[in-house]
Every structure is written in structure tokens, then in C-alpha cells.
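Novice: Predicted structure and sequence below. I'll ask about it afterward.
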Amino acid sequence: MKTTAHWLAIPLILALAACGQSNTTSSASSGSDSGKAPTGKISILNVSYDPTRELYQEYNKSFQQYWKTKTGQDVDIQQSNGGSGKQALAVQNGLKADVVTLALGGDIDALNTPSKQLIKPDWQKALPDNSTPYTSTIVFLVRKGNPKHIQDWGDLVKNGVEVITPNPKTSGGARWNFLAAWAWAKHQPGGSDTTAKDFVTKLYQHVPIMDTGARGATISFTQRHLGDVLLAWENEAYLALKEAPDQFEIVTPSLSILCEPPVAVVDSVVDAKGTREVATEYLKHLYTEDAQRLIAKNFYRPINPKIANEFKHQFKDLNLVTIDKDFGGWTAAQKHYFADGGVFDQIYSKK
């Protein structure tokens, strides 16, 4: 893969993956307390997860033009990317995000704690499709020619196979990876939670390192040449393939999981800054046909059926489990699998 490529520019991306720093074009305006856009220039911050960098770089420019035409106002959009769980923690700890566009609903729910509420508890009702304007799934990125003959989840635990996946404690994508592997094992003949736990335990014995976020894991695989297979967001895998088709190929497993990365306005921040109107419109605009095409161009699956049909040639049909039906929703899944002392801690301590 070309080391000069924009999306894999190592110094920039490693710095962003490490600390989730924002790309700032202008300092934020103070605004008023009315929740409405003040006159003059205004600034908002989108705190997002790792693999959305390219999508929002394009979308932010598009929205700036839309907002200028609609209101006559200039809007500067600051962008912060990192592991989804780490980004949620940063917002909890005071990072002034006007909007969050994270990897899973549980990370947005985590913005509210018993001592501090940053967002309305019913935030998923604010926008269509449970505030999820695009979806994705988990696929395998392997080296050209697939030298380890990896075709499905079971091949990941063969002797000599090294798997690259980030840390579920800090990465939303890693949690989707974990649950997709669990679901595959449980759906095998004679499968159960016991057999799934045994399989995922073996899988993590094949993981040599765990980066904090999905983009860091991609760099480990594509640039540091670690591992034989990367468990990847579908859009992340397609970006790698687009950049270096002679180095990688994508393997679609027999079963994966429907990844639903939602979006939300951070109520406490927009009301204090006076940015509610522009922040709300920023997220609503993701559902427009032009934005949905931009989403598909960046290899996310658009939620609009018309636009999804336009790009049906780009995405394979998949057998997908869901977080709600198969795992009882993110609140239950987070507590059972990823909280301190949960299943992940139990199996990884055995490595």
C-alpha cells in the first residue's frame, strides 16, 4: 500500500488514533444560550470513531456549502476521531462535542452517568432508523492470494494464523468483531454460549497485539505487515482494497453482524454553546439523498432504500445477526461481555 496515500498517512493517523485530536479550521464562536445559531461564523465539533475520517472529511465540506446557502452563515466543523469507547470517555470527561457519531449505541448511552447527564435518554428517537443514517458489517481483509486460505471464522483459529483486531475495551469495531465471532460459533451445529466462548477464547489466542481503535489495527495490518487477517469494518476493508488492490483482498464470512453506528446531538453542549440548530441540521442532513450517496461512496451502507439500490452492486448480500435480537441490545451486551470482569476479561486473562 502506498505510504503517501492520504488516508494512510502514518504520522497524522497514528497521532489521531492515539489521542483523538480534532482537526480544527477555526476556533469556536461563543454563541448564545438560546439553542439557535448565532449570527456570523459558528463552529461545531463532531466526535466520531476511527474509520469515519474519510466520510466526514467529504461530508463536512458538503454540509458547509449547504448551510451557507440555507442561512448565509459560515460553519467551521471540527472533527475528532479515535476508538469509539475512548471517544465516549473523552466526551464524558469534558470534550465539548456538539454531536457524536460513534460506532455503537452503547457508547452514546455511556455519555449519561448517575452523576451527569449529557444527552437525552431517548436520543435514538430524534432521527429516523433509531438515529442510524448508515450501517456496516464485519468482513476479513487478507493478503493478496489469501495464502492462509481463510474463508470463514473457523479458519481464524488454525495453526499459524495471526488475527489483527483492536481492543474491545476502547474500540467499538472490536466489540462488533467479538460479537460477530461469537454469533458464528453459536450458530454452528450443536452451538451454544459455551461453545461460542470456547471459540472466541481460541480466537484471541491468535491475536498478537490489540490497537486502541480500528484505524490503528488497519495500519498494523497494512503498513506494519502484522498478521494474516484483519477483522475489519466493511468500509475500512474496501478503503484498503481501493488503495492497494494488488496487496489485499476481502473475504466475506458465512455469517456476520449488522453494525449500526448511530449519531446524536449532545444536548448539554449545544444548549450551552447555542449551536442546537446547526448541530441538529448537521445530523438530519445525513439522511438526504446527496449525503446518502456520499455515504455509499465511502463504502458505508446507506439507510435510504433508493440509494442502497443504486449501490447494490457494491455490497454483497450477507447473513447478518443483530445486536437486539441475538444479544439483547447494547446495554445487556456491554454489561455481559465487555464490562470489567465480563466475558472478554475472563477469556483474555487466559491468554
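Specialist: Okay, I see it. Numbering: from 1, shown residues only.

Novice: Please parse this protein into its domains.
Specialist: As given by automatic domain parsing, the domain ranges for the chain are 6-135+260-310, 138-258+319-348.

Novice: and the ones you listed, which one's lowest on average pLDDT?
Specialist: Note on the domains of the chain: domain 6-135+260-310 shows the lowest mean pLDDT, a mean of 86.

Novice: Return the distance of that domain from the chain's centre.
Specialist: Distance of domain 6-135+260-310 from the chain centroid (CA atoms, centre = their mean, to the nearest Å) equals 12 Å.

Novice: same thing with stretch 241-260?
Specialist: 15 Å.

Novice: Show me what counts as buried in it.
Specialist: Neighbour counts over stretch 241-260 (16 or more other CB atoms under 10 Å) mark 241, 243, 248-253, 255-260 as buried. (C-beta placed from N, C-alpha, C; glycine too.)

Novice: Those: which two are farthest apart?
Specialist: Pairwise distances across these (CB to CB) peak at 27.5 Å, for the pair 243 and 255.

Novice: about what we covered before: nearest to residue 109 among the buried residues of stretch 241-260?
Specialist: Nearest to residue 109 among the buried residues of stretch 241-260 is residue 260, at 13.2 Å by CB to CB.

Novice: contacting residues for the closest one?
Specialist: Residue 260 makes contact with 104-105, 130, 132, 135, 323 under the criterion CB atoms under 8 Å, 6 or more residues apart in numbering.

Novice: Swap in 10 Å and give it another go.
Specialist: By CB atoms under 10 Å, 6 or more residues apart in numbering, the contact list for residue 260 reads 103-105, 129-132, 134-136, 176, 303, 322-324, 330.

Novice: Give me the buried subset of the residues you listed.
Specialist: Of those, these count as buried by 16+ other CB under 10 Å: 103-105, 131-132, 134-136, 176, 303, 323, 330.

Novice: OK, contacts around residue 177?
Specialist: 138, 163, 165-166, 168, 171, 200, 203, 214, 217, 230-233, 256-257, 259.

Novice: Also residue 129?
Specialist: Taking CB under 10 Å, 6+ apart, we find residue 129 in contact with 135, 260, 262, 287, 303-304.

Novice: repeat that for 8 Å
Specialist: residue 303.

Novice: what about the helices in the stretch 101-250 of the chain?
Specialist: Shown for the stretch 101-250 of the chain, the helices assigned by DSSP state H, counting those that start in this stretch span residues 105-109, 128-131, 172-186, 193-204, 214-222, 234-243.

Novice: just so I know, which of these lies nearest residue 278?
Specialist: In terms of CB to CB, the element of those nearest to residue 278 is helix 128-131, at 17.4 Å.

Novice: May I have that closest one exported as PDB, CA atoms only?
Specialist: Extracted in PDB, the C-alpha atoms of helix 128-131 (Å, rounded to 0.1, in the frame of the first residue of the first chain):
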ATOM      1  CA  PRO A 128     -35.100   8.000  11.600                       C
ATOM      2  CA  ASP A 129     -34.000   4.400  11.900                       C
ATOM      3  CA  ASN A 130     -33.000   4.800  15.600                       C
ATOM      4  CA  SER A 131     -30.700   7.700  14.700                       C
END
